[in-house]
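1. Take a look and give me a structure for this.
(chains A and B)
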There are 2 protein chains.
Amino acid sequence: MQGLKLYHYWRSSSSWRVRWALDHKGIKTELKAVSLLDGESESPEHRARNPLGYVPALDTPHGILTQSSAIVAWLDEISSEPPLYGASTWERARIRQLGAVIAEDTQPIQNLPVLHLHSSDAKEQKKWAQHFIRQGLGAFETLAAGTAGEFSVGDRLSWADLCLIPQLYNADRFGIPVGSQDSEFPLLTRIAQACERLPSYLSSHPSRHEPPA
Amino acid sequence: MQGLKLYHYWRSSSSWRVRWALDHKGIKTELKAVSLLDGESESPEHRARNPLGYVPALDTPHGILTQSSAIVAWLDEISSEPPLYGASTWERARIRQLGAVIAEDTQPIQNLPVLHLHSSDAKEQKKWAQHFIRQGLGAFETLAAGTAGEFSVGDRLSWADLCLIPQLYNADRFGIPVGSQDSEFPLLTRIAQACERLPSYLSSHPSRHEPPA
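-> This is a model prediction of the structure:
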């Protein structure tokens, strides 16, 4: 697939999911930063790409696609190797289930616009984010106990990991430690350590995409 | 597929999505009500089915599956007719995108536990729900202008409609009119009218599953 352009933000966890899928599959893509902090994502220009005013948005030869879950599923259909959704029907179901625990019931609730509408008080925002992140990661830890090998489902990177790891990054930002010694989620920490060894993890990591100061 | 049991709640919009998919595909399923109001969904018994304490949860011969998006995608893989995800790769992408606008960025934020954590004041809860429902439905209306035929994507019922229509039901509960005369979202109202003619809409509708008083 030629001619893809990804509108993203370095610290957006949904953007990271898509950067990671692209790098894992070796799909060359032009990256275009859209800031979530200075109103750029809310501009008419970006709302024409995504009426919600969010990133990521992938410009394709067919048109613009938004929502990281739809983008990664599409990438997996047009470029199937290495697969991100599992080998069997049931494995795919468990991968989508784990992904949805993060992409539906965790990340959207601790999204910046939601935090800001809940409260203008930074302490209250942190308490809110911690509540939903703990709930989501706790459910993921419980469910993954029945599916995990080296990664969240079996021994291969999947969409479930692409949701989990950026959410752990957010957890750390909100003061929930996920490092190896003090993790509340030991299985998730072990999965994170496996992911951290992948070149596509490193190349897609937010720190590699931070704009110069 | 034999031996399916769906744990659901009559008024839960995520439960309705799954009831609708099952009825549309003609898959016989035992229904088991789990109340969201009296603590039943938060009980250890239900948390063993879904650690998040939410419905729906589908008991299958492989184990229990949660998250309506994962359940419906699995049902579509094991019972492909009539299909709920479109005929081409790009059509599937647009269906998943529209579904995710509701299932990721709208419904989870106006979920009961989120509303209650935001505020104990019913007026403030309503304001919050209306904000996110208007934002989500507005984005859906804009995006569907490029995809809709009789339904949200083309002329066939899809996962996008299964997300949209229960969200319109929630919108109505929170005081956003979506009836034919006064709708803020004329395209969505037209799609709803097409859906309302389907037998599977009627059989899965919350009013058909309300417990006796």
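
2. Can you mark which positions in the longest helix seen in chain A are buried?
-> Longest helix of chain A, by residue count under DSSP state H: helix A:122-144. Buried residues in helix A:122-144, counting neighbours by 16 or more other CB atoms under 10 Å in any protein chain shown, are found at A:125-126, A:128-129, A:131-144. For every residue, glycine as well, the C-beta is placed using N, CA and C.

3. Does anything pack onto it? Which helices or strands?
-> Applying 3 or more CB pairs under 8 Å, 6 or more residues apart in numbering or on different chains; DSSP states H and E, one finds that helix A:122-144 contacts helix A:89-103, helix A:112-118, helix A:159-173, helix A:186-195, helix B:112-118.

4. Nearest to B:Leu4 among the ones you listed would be which one?
-> Among the helices and strands packed on helix A:122-144, helix A:89-103 comes nearest to B:Leu4, with 12.9 Å by CB to CB.

5. Tell me how far the closest one lies from the chain's centre.
-> Relative to its parent chain, helix A:89-103 has a centroid offset of 14 Å by CA atoms, centre = their mean, to the nearest Å.

6. Which elements pack onto it?
-> Using 3+ CB pairs under 8 Å, 6+ apart as the test, helix A:89-103 ends up in contact with helix A:68-78, helix A:122-144, helix A:159-173, strand B:63-66, helix B:68-78.

7. what's the angle from it to helix A:68-78?
-> Relative orientation of helix A:89-103 versus helix A:68-78 (axes from the mean of the first three to the mean of the last three CA atoms, to 10 degrees): 150 degrees.

8. Need the outlier residue of chain A, farthest from its centre.
-> Most distant residue from the mean C-alpha position of chain A: A:Asp121, 25.8 Å away (CA atoms, centre = their mean).

9. Next one: that one from chain B, what distance?
-> 13 Å (CB to the nearest CB, to the nearest Å).

10. same check, this time on A:Tyr54
-> According to CB to the nearest CB, A:Tyr54 and chain B sit 7 Å apart.

11. what about that residue, helix or strand, and which?
-> Using DSSP states H and E, A:Tyr54 sits within no helix or strand.

12. shouldn't it be in contact with A:Glu42?
-> No: assessed by CB atoms under 8 Å, A:Tyr54 is found out of contact with A:Glu42, at 9.6 Å.

13. between these two, who's got more neighbours?
-> Legend: neighbour count by other CB atoms under 10 Å in any protein chain shown for A:Tyr54 and A:Glu42, higher for A:Tyr54 (30 against 16).

14. Per-residue pLDDT of the more buried one, please?
-> Per-residue pLDDT puts A:Tyr54 at 96.

15. Helix, strand or coil: sort out the closest residue to it other than its chain neighbours for me.
-> Of all residues not flanking A:Tyr54 in the chain, A:Ser41 sits nearest, at 6.6 Å (CB to CB, 6 or more residues apart in numbering or on different chains). Three-state assignment for A:Ser41 (DSSP: H, G, I helix; E, B strand; the rest coil): helix.

16. A:Ser41: neighbouring residues, count only.
-> So A:Ser41, with other CB under 10 Å, has 24 neighbours.

17. Please name the residues that touch it.
-> The neighbours of A:Ser41, taking CB atoms under 8 Å, 6 or more residues apart in numbering or on different chains as the test, are A:Tyr9, A:Val34, A:Ser35, A:Gly53, A:Tyr54, A:Val55.
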